[in-house]
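*Asks:* Build the 3D model from these lines:
(chains A, B, C and D)
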Amino acid sequence: MEVRVQLEDFDAGAEISRLRLARRDTGAVAAFIGQVRDINDGAEVSTLTLEHYPGMTEKALQAIVQQAATRWALHDALVVHRYGCLQAQDQIVLVVTTSPHRGDAFSACEFIMDYLKTEAPFWKKEASASGERWVEARSSDDSAKQRWQSQ
Amino acid sequence: MEVRVQLEDFDAGAEISRLRLARRDTGAVAAFIGQVRDINDGAEVSTLTLEHYPGMTEKALQAIVQQAATRWALHDALVVHRYGCLQAQDQIVLVVTTSPHRGDAFSACEFIMDYLKTEAPFWKKEASASGERWVEARSSDDSAKQRWQSQ
Amino acid sequence: MQITVLYFARLKESLKYSTEQLQLPAGVDTVAALMQHLASRGDAWQAMFSGQQAIRAAINHALVGTEAVIKAGDEVAFFPPVTGG
Amino acid sequence: MQITVLYFARLKESLKYSTEQLQLPAGVDTVAALMQHLASRGDAWQAMFSGQQAIRAAINHALVGTEAVIKAGDEVAFFPPVTGG
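*Replies:* This next block holds a predicted model:
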């Protein structure tokens, strides 16, 4: 179970292959990539700056991944999340989960993303022609997380 | 929306990147890879041979992908499924979905896998030290599919 | 009427047939009737089509139930429940 | 007692503070009390900590509620609801 918070881009294909090939009894690999969109809430975005809380962010991600490993039969899980100044189509986050079976890989991957969205200390600031603005938290992210609590 | 049934291996990383970069308003990419495990139901597997129904298999996959595109806000979806003789850790299937938002990408990707498992004409035959056997369909795959029908 | 029949996976192996052109007797015009007709060939055919084995059918590349009607020129396929992915 | 306080994102920008060492007056020993104490600095502090803005708090890297107790040497952080991923 590995968690990385980094400035640099990552090679999603290489990370996915590495986790897939790590165990010969792995049958299922689920992956998610989040990338910067050129438009958010109707406004054109030129750059997206991600701030985080060094020390706490890594711990929060690790706790989320551990919780997923308790709930589902995982062989491994990886989270890579970038910070700093990003542009449209830059990769923001990668989550990869491996498991004997697809249901566990899918659920764990989506669970990690839903918890990351509400519990990992990252903040986004968008810059566009009309200036800068902090991205507001979405209530849809809270409901996405709450789904997992009623199951 | 693209569907490929092929003998050759595929480059999952390259396919994922291609779909991710195709549209600047794509924010979420979900992917799934199924691979041959060295053990199935407790028996060691030396090779796995996949048979399909040329013509029907492609149509069935296309119909599944179209159904996913009707239910969720997808930018694109890709299914690559191999046939022929495979070994442990060979890739069997790749599903990639792209969307503005992660919920749609995740749901569509898992939906496509669940329907593929029960509706796409592929059959697996395992060879091990103790001989060959056709893999039996699992009732868990039927229940995975039925989840989507009650939603 | 004449149709094409295809067999896949376990069926193909047991029947030692992958495809055949078949002239259907009058009255055999549904999947269920065709299955009965094939079962009457005896041996492996009987074992496969008499109902103990789970069998799926498709007409012209679309999954169908046993009540589906067969028309001249149709491509009818029989196979076990699928196990891909 | 002395603690470290960190501010992130919108808070850091509005307060023009990212971190400070703070000597807490007697009686200020919960997150809620600390927020009241900070609000009393007026202006931007008042605006941020008087309750109109959604604020999250963490003590020593763990998310906490406003009832959480602060101890000497703690690292207390304030920030807006998170928006990563």
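*Asks:* what helix or strand does residue A:13 sit in?
*Replies:* When secondary structure is defined using DSSP states H and E, the element that contains residue A:13 is helix A:12-21.
*Asks:* So for that helix, mean pLDDT?
*Replies:* Along helix A:12-21, the predicted local confidence has a mean pLDDT of 98.
*Asks:* what's it packed up against?
*Replies:* Applying 3 or more Cβ pairs under 8 Å, 6 or more residues apart in numbering or on different chains; DSSP states H and E, we find helix A:12-21 packed against strand A:28-35, strand A:76-82, strand A:91-99, helix B:12-21, strand B:28-35. Yep, even glycine has a C-beta here, placed from its N, CA and C like the rest.
*Asks:* which stretches of the chain form strands?
*Replies:* Just so you know, I chose chain A. Under the criterion DSSP state E, chain A carries strands at the ranges A:2-6, A:28-35, A:39-40, A:43-44, A:47-52, A:76-82, A:84-87, A:91-99, A:122-128, A:131-134.
*Asks:* To clarify, I was referring to chain C.
*Replies:* Here chain C has its strands, by DSSP E, at C:2-7, C:19-23, C:56-59, C:62-64, C:75-79.
*Asks:* Please report how far residue A:101 lies from residue B:24.
*Replies:* Counting by Cβ to Cβ, to the nearest Å, the gap from residue A:101 to residue B:24 is 35 Å.
*Asks:* Please say which of these two ends up with more neighbours.
*Replies:* residue A:101 (17 against 13; other Cβ atoms under 10 Å in any protein chain shown).
*Asks:* Tell me if I'm right that that one and residue A:72 touch.
*Replies:* No - with contact defined as Cβ atoms under 8 Å, residue A:101 does not reach residue A:72; the gap is 9.3 Å.
*Asks:* In chain A, which residue sits furthest out from the middle?
*Replies:* The outermost residue of chain A, judged by C-alpha distance from the chain's mean C-alpha position using Cα atoms, centre = their mean, is residue A:130 at 28.2 Å.
*Asks:* How many residues are close by residue C:37?
*Replies:* Counted with other Cβ under 10 Å, the neighbours of residue C:37 add up to 16.
*Asks:* ok, now residue A:80?
*Replies:* Neighbourhood size, residue A:80 [other Cβ under 10 Å]: 23.
*Asks:* Now the closest residue to chain B within chain C. Nearest residue, chain neighbours left out?
*Replies:* Going by Cβ to the nearest Cβ, chain B is nearest to residue C:84 of chain C, at 2.6 Å. With Cβ to Cβ, 6 or more residues apart in numbering or on different chains as the measure, residue B:122 is the residue that lies nearest to residue C:84, at 2.6 Å, once sequence neighbours are left out.
*Asks:* What distance do you get for the residue lying closest to residue A:51 once chain neighbours are set aside to chain B?
*Replies:* Of all residues beyond its chain neighbours, the one nearest residue A:51 is residue A:123 (4.8 Å), with distances taken as Cβ to Cβ, 6+ apart. When distance is defined by Cβ to the nearest Cβ, to the nearest Å, residue A:123 is 17 Å away from chain B.
*Asks:* Number of residues surrounding the closest residue to chain B within chain A?
*Replies:* Here chain A gets closest to chain B at one residue, residue A:13, 1.5 Å apart by Cβ to the nearest Cβ. Residue A:13 has 17 neighbouring residues, counting by other Cβ under 10 Å.
*Asks:* unless I'm mixing things up, residue C:46 is touching residue C:35, no?
*Replies:* No - applying Cβ under 8 Å, one finds residue C:46 not in contact with residue C:35, separated by 10.9 Å.
*Asks:* the more surrounded of these two?
*Replies:* Higher neighbour count among residue C:46 and residue C:35: residue C:35, with 21 against 13, using other Cβ under 10 Å.
*Asks:* who touches the more buried one in this structure?
*Replies:* With contacts taken as Cβ atoms under 8 Å, 6 or more residues apart in numbering or on different chains, residue C:35 has the following neighbours: C:49, C:55, C:57, C:66, C:78.
*Asks:* again, only this time at 6 Å
*Replies:* Remark: with contacts taken as Cβ atoms under 6 Å, 6 or more residues apart in numbering or on different chains, residue C:35 is in contact with residue C:49.
*Asks:* quick one: pLDDT of it?
*Replies:* Per-residue pLDDT puts residue C:35 at 97.
*Asks:* on that earlier part again, distance of the residue nearest to residue A:51 from residue D:55?
*Replies:* The separation that residue A:123 has from residue D:55, given Cβ to Cβ, amounts to 12 Å.
*Asks:* So those two - more neighbours on which side?
*Replies:* A side-by-side neighbour count of residue A:123 and residue D:55, using other Cβ under 10 Å, places residue A:123 first with 24 against 17.
*Asks:* Next one: the closest residue to residue C:81 other than its chain neighbours, what pLDDT does it get?
*Replies:* Once its chain neighbours are removed from consideration, residue C:81 has its nearest residue in residue B:137; the separation is 3.5 Å (Cβ to Cβ, 6+ apart). Predicted confidence (pLDDT) at residue B:137: the value is 93.
*Asks:* Could you check how many residues crowd around residue B:137?
*Replies:* Residue B:137 is surrounded by 18 other residues when neighbours are defined as other Cβ under 10 Å.
*Asks:* Thought residue C:85 was touching it, still the case?
*Replies:* No - in this structure residue B:137 lies outside contact range of residue C:85 using Cβ atoms under 6 Å: 11.1 Å.
*Asks:* And the residue of chain A closest to chain C?
*Replies:* Chain A approaches chain C most closely through residue A:102 (7.7 Å), counting by Cβ to the nearest Cβ.
*Asks:* Could you report the neighbour count for the residue of chain C found nearest chain D?
*Replies:* In chain C, no residue comes nearer to chain D than residue C:85, which is 28.1 Å away by Cβ to the nearest Cβ. Residue C:85 sits with 24 neighbouring residues when counted by other Cβ under 10 Å.
*Asks:* same deal with residue A:139?
*Replies:* The number of residues packed around residue A:139, counting by other Cβ under 10 Å, is 9.
*Asks:* Other residues contacting the least confident helix or strand in chain A by mean pLDDT?
*Replies:* When each helix and strand of chain A is scored by mean pLDDT, DSSP states H and E, strand A:39-40 comes last, with a mean of 77. If you take Cβ under 6 Å, 6+ apart as the criterion, strand A:39-40 is touched by residue B:25.
*Asks:* chain center to that strand: distance?
*Replies:* Here strand A:39-40 shows a centroid-to-chain-centroid distance of 19 Å under the convention Cα atoms, centre = their mean, to the nearest Å.
*Asks:* And for stretch A:86-94?
*Replies:* 11 Å.
*Asks:* Tell me the buried residues in that stretch?
*Replies:* A:86, A:88-89, A:91-94 (16 or more other Cβ atoms under 10 Å in any protein chain shown).
*Asks:* Farthest pair within those?
*Replies:* For the buried residues of stretch A:86-94, the farthest-apart pair by Cβ to Cβ is A:88 and A:94; their separation is 17.6 Å.
*Asks:* Would you tell me which helix is longest in chain A?
*Replies:* Using DSSP state H, we find that the single longest helix of chain A is helix A:102-119.
*Asks:* Mind checking if it is in reach of chain B?
*Replies:* Yes - using Cβ under 6 Å from any Cβ of the partner chain, a contact is recorded between helix A:102-119 and chain B, made by A:102, A:106, A:110, A:113.
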